[in-house]
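In: Here is a sequence with its predicted model. Questions after.
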Amino acid sequence: MAFTQYTNLDFEEIKVSIREYLRANSNFTDFDFEGSNLSVLIDTLAYNTYVTAYNTNMVANESFIDSATLRENVVALARNVGYVPSSRRAATANVSFTVDLGSGTTKSSVTLKSGLVALGDFANTNYTFCTPEDITSPVTDGFAEFTIDIKQGTFVTNEFVVDTSQPNQKFIIPNPYVDTSTLKVQVRDTLTSSSRKTYSQIDNIVGISTHSETFLIQEIQDEKYELLFGDGVLGKKLSNGNVINSTYIVTDGVGGNGVSNFSFSGKLVDNDGGLITSGISDVIVNQRSSNGAEVESIDTIRNLSTRVYSAQHRAVTANDYEAIIPTIFPNAESVTAYGGEDSSPPQYGKVFLSIKPKNGRFISDFDKRELLDKLKRYSVAGIRQEFVDLKYLYVEVDSTVYYNTNAVANVNNLKTSIRNSLETYANSSDLNSFGSRFKYSKVLNIIDDSSSAVTSNITKVIIRRNLDVDTANFAQYELCFGNKFHNRNKGYNIKSTGFTVDGIRGVCYFTDTYIDDKTGRLIIFRLNNTGEVQIVNNNAGTVKYDIGEILIDTIRILSTIKSDNVVEIEAIPDSNDVIGLKDLYLQLSISHSNISCVADIISTGADTSGANYVSTSSFTNGSKVRGVAITDTSTISTTTTSSTTTSTSSSSSSSY
């Protein structure tokens with residue numbers, strides 16, 4: 001085969017191609033290509049060809065953002081569309097303390113100097129917390145009070161002198177792990193100048209003029225950053241001899257989260273510059289440290305860079321919000337946005353936003369207010385943004401796994417192997433995000449492939465929402481599952497864990513009765529001492545099978561069997577592929593899933609006829625409650641109650 005037609009990448013195939021080429025040459029007709037020294041030369045040529053082909057392939061891959069694997073290359077490609085990946089983010093805590101100067105003091109103010117403020121202790125590890133700028137508080141009746149945000153990390157200062165004789169001079173921050181949101185840049189005319197001009201960090205050139213005192217940053221190698229200044233056309237150009245002062249915080253990122261114990265270590269001075277060393281109270285923690293985050297991952301850069309470029313720094317469509325929010329709130333793990341016209345009922349002129357943070361289950365009200373303020377720079381006039389707490393939609397599997405007893409020594413090890421495989425899938429990108437999808441066929445394959453001993457599996461799917469109960473008030477509840485319910489046309493499609501209700505004795509449960517293919521009626525029942533159902537409220541709400549929604553009429557739930565005032569409510573999805581719709585955050589709950597193993601006596605050869613084979617139903621069991629049923633041995637009243645209640649102040653309650 002001619003080398004001009006060479007297409008092989010496998011080492012052995014390359015050797016075969018070289019041998020065929022040499023055999024075609026009459027000078028090598030009688031050569032022993034296997035036993036002679038020529039074999040060594042062929043191996044060398046094949047190895048060289050293989051390495052060259054591999055390197056060429058890698059270079060080609062690194063030229064495209066979808067296939068690049070080195071962070072430096074992914075960052076450089078994202079830079080071509082004006083995207084700057086988020087740096088590490090310092091965990092932030094809110095603390096308070098007072099300074100007692102004495103009732104007879106003449107001082108008017110106290111200033112906390114930038115830099116170290118407090119030392120924190122968490123999980124046997126010490127962390128430093130700083131403030132990037134001076135904070136001044138007035139003195140009232142001899143006391144100065146401070147309520148401030150402090151950031152985890154070390155406060156660092158760098159200085160650069162502009163030298164125009166160097167045509168390619170670069171201003172590179174020498175430290176990795178910088179939180180660029182804390183970066184402050186000031187410029188002096190010369191080394192001896194005392195006045196400083198503060199330059200503003202920007203992320204686009206919109207509105208930038210010749211005299212704009214601004215700078216940009218870009219990530220370079222080893223997660224370090226370079227400062228970029230104007231050229232005299234877009235942004236003010238620096239002059240020879242100018243001095244650049246940069247301050248920032250180098251942080252541990254996510255490692256600084258959760259600190260709630262602080263001791264003061266800062267520097268305080270009065271309005272005359274005198275150092276204050278006494279009268280400082282203990283540090284009170286208003287909010288423990290949170291929102292620390294690692295540098296933006298390669299996968300996130302690939303995903304967001306093109307989307308941010310398409311958004312062009314303006315939020316018009318829902319996709320624009322989903323692209324912009326992670327850039328201004330790096331702690332966002334997943335974001336969903338949808339227009340008010342898609343809500344029920346429609347709310348035109350609104351955009352609903354929901355965020356799953358990397359740390360924790362919900363974002364704080366403080367973060368919501370800050371995000372709404374930042375979004376004003378991008379949003380279109382007349383469109384209002386509203387944050388809604390995300391809602392968790394849990395998927396559970398009930399799997400009966402058949403296995404060959406000859407291929408496994410311990411069935412418990414087999415169960416562990418299956419759970420570990422499912423846990424890997426539960427943490428994958430298929431789930432744990434808005435708009436994600438639980439893929440039933442993939443789960444079946446994961447169970448089958450978890451061990452060579454597995455011969456088959458019968459797996460049932462359950463979807464669950466947790467109702468967060470307001471035990472102090474009468475309330476109405478709405479639970480949206482976002483997936484159509486399976487309707488058996490005879491009720492008992494809905495199951496719940498136990499709870500107690502104002503005015504009703506014993507432990508109660510929710511279920512449904514069938515009205516038509518689209519609608520059912522929610523009822524409340526309890527179990528007598530023989531386990532028989534006794535309905536105590538035959539009209540407690542509505543179940544909408546066709547859209548997967550449960551509406552609970554006004555009720556006061558006093559307590560729940562589950563901790564944290566939670567009632568778990570489950571249903572069977574009409575499709576085994578489950579989707580996280582709108583603000584539903586999809587998670588596979590392994591801890592609530594059931595894995596049982598049954599010996600496959602046909603595979604072992606113990607029962608070749610299949611006469612004694614133990615079959616498993618592909619449908620759900622006949623239990624009418626979720627979890628362990630609690631029966632009541634006391635006398636049960638047969639009187640049913642309707643959903644209408646005495647006029648009370650009712651409050652809506654959230655669920656997750």
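Out: Thanks, I have it. These numbers come from a predicted model, not from an experiment.

In: Mind checking the pLDDT average for the strand ranked longest in the chain?
Out: Across the chain, the longest stretch assigned as strand under DSSP state E is strand 454-468. In this model, strand 454-468 has a mean pLDDT of 91.

In: Compute the inter-axis angle for the next helix or strand after it and strand 454-468.
Out: Moving toward the C-terminus from strand 454-468, the next helix or strand (DSSP states H and E) is strand 474-480. Strand 474-480 runs at 150 degrees relative to strand 454-468, counting by axes from the mean of the first three to the mean of the last three C-alpha atoms, to 10 degrees.

In: Please state the mean pLDDT value computed over the very next helix or strand once past strand 474-480.
Out: Per DSSP H and E, strand 474-480 leads on to strand 495-496 as the next helix or strand towards the C-terminus. Strand 495-496 shows a mean pLDDT of 92.

In: Surely Gln347 touches Gly340?
Out: Yes. Judged on C-beta atoms under 8 Å, Gln347 makes contact with Gly340 at a distance of 3.6 Å. For glycine as for every other residue, the C-beta is placed from the backbone atoms N, C-alpha and C.

In: which other helices and strands contact the longest strand of the chain?
Out: Using 3 or more C-beta pairs under 8 Å, 6 or more residues apart in numbering; DSSP states H and E as the contact test, the elements touching strand 454-468 are strand 391-403, helix 440-449, strand 474-480, strand 566-571.

In: out of the ones you listed, which comes closest to Ile595?
Out: strand 391-403 (5.4 Å; C-beta to C-beta).

In: Show the average pLDDT along the closest one.
Out: 90.

In: Can you give the strand pairings for that strand, parallel or anti for each?
Out: strand 454-468 (antiparallel), strand 584-588 (parallel), strand 594-599 (parallel) (DSSP bridges).

In: Please identify the most buried of those strands.
Out: strand 584-588 (a mean of 23; mean count of other C-beta atoms under 10 Å).

In: can you map out the helices along the stretch 1-150 of the chain?
Out: Using DSSP state H, counting those that start in this stretch, the helices of the stretch 1-150 of the chain run over 11-23, 38-61, 71-79.

In: looking at the ones you listed, which is buried most?
Out: Greatest burial across the helices of the stretch 1-150 of the chain, using mean count of other C-beta under 10 Å, falls to helix 71-79, with a mean of 19.

In: Provide the contact partners of that one at residue level.
Out: 62-65, 68, 84-85, 218-221, 223, 298, 301-302, 305 (C-beta atoms under 8 Å, 6 or more residues apart in numbering).

In: Tell me the one of the residues you listed nearest Ser194?
Out: Gln218 (30.7 Å).

In: if I look at that closest one, how far off is Val84?
Out: Separation of Gln218 from Val84 (C-beta to C-beta, to the nearest Å) stands at 6 Å.

In: Neighbour count for the two, which is higher?
Out: Taking neighbours as other C-beta atoms under 10 Å, Gln218 and Val84 compare with Val84 leading, 20 against 16.

In: what sits against that one?
Out: Per C-beta under 8 Å, 6+ apart, neighbours of Val84: 78, 203, 216-219.

In: go on, Ser623?
Out: 495, 629.

In: State whether Lys544 and Thr519 are indeed in contact, as I suppose.
Out: Yes. Using C-beta under 8 Å, Lys544 is in contact with Thr519, at 6.1 Å.

In: Isn't Ile590 up against Thr424?
Out: No. With contact defined as C-beta under 8 Å, Ile590 does not count as touching Thr424 (10.1 Å).

In: So between the two, which is more surrounded?
Out: Ile590 (16 against 11).

In: Following element in sequence after the particular helix or strand that has Glu159 in it, please.
Out: Glu159 is part of strand 154-161, with elements assigned from DSSP H and E. Remark: after strand 154-161, the chain's next helix or strand is strand 171-173, criterion DSSP H and E.

In: That next one pairs with which strands, parallel or anti?
Out: Under the rule (DSSP bridges), strand 171-173 has strand 225-229 (antiparallel) as partners.

In: Kindly provide the distance from Asp502 to Ile630.
Out: Per C-beta to C-beta, Asp502 is found 18 Å from Ile630.

In: between those two, which one's more packed in?
Out: More neighbours surround Ile630 than the other of Asp502 and Ile630, with 15 against 11 (other C-beta under 10 Å).

In: show me where pLDDT drops low in this protein?
Out: Along the chain, segments meeting pLDDT under 70 span 1-9, 23, 25-37, 57-59, 311-312, 359, 604-613, 621-622, 632-656.

In: quick one: which of the helices of the stretch 1-150 of the chain is nearest Tyr177?
Out: Nearest of those (C-beta to C-beta): helix 71-79, 14.0 Å.

In: just the angle between that closest one and helix 38-61, please?
Out: Helix 71-79 runs at 40 degrees relative to helix 38-61, counting by the same axes, to 10 degrees.

In: So what sits opposite Leu551 in the bridge?
Out: Bridge pairing for Leu551 - DSSP bridges - gives Glu478, Thr542.

In: Can you tell me the closest non-neighbouring residue to Gln221?
Out: Excluding the flanking residues, the one nearest Gln221 by C-beta to C-beta, 6 or more residues apart in numbering is Glu72, at 5.4 Å.

In: ok, now how distant is that neighbour from Arg19?
Out: Taking C-beta to C-beta, one finds Glu72 at 41 Å from Arg19.

In: Just confirm Ser603 is within a helix.
Out: Yes. According to DSSP: H, G, I helix; E, B strand; the rest coil, Ser603 belongs to a helix.

In: That one touches Thr455, doesn't it?
Out: Yes. Ser603 lies in contact with Thr455 (C-beta under 8 Å); the separation is 4.8 Å.

In: list residues touching both of the two?
Out: 402, 404.

In: picking up where we left off before, possible to save the helices and strands packed on strand 454-468 as CSV with distance to Lys495?
Out: Output for the helices and strands packed on strand 454-468, formatted as CSV (distance: least, C-beta to C-beta, whole Å):
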stretch, distance to Lys495
strand 391-403, 12
helix 440-449, 20
strand 474-480, 13
strand 566-571, 5
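
In: Please convert those to JSON lines, extending it with mean neighbour count and distance to Gly274.
Out: JSON lines is the format used below for the helices and strands packed on strand 454-468 (neighbours: other C-beta atoms under 10 Å; distance: least, C-beta to C-beta, whole Å):
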{"stretch": "strand 391-403", "mean neighbour count": "21", "distance to Gly274": "54"}
{"stretch": "helix 440-449", "mean neighbour count": "16", "distance to Gly274": "68"}
{"stretch": "strand 474-480", "mean neighbour count": "18", "distance to Gly274": "57"}
{"stretch": "strand 566-571", "mean neighbour count": "22", "distance to Gly274": "56"}
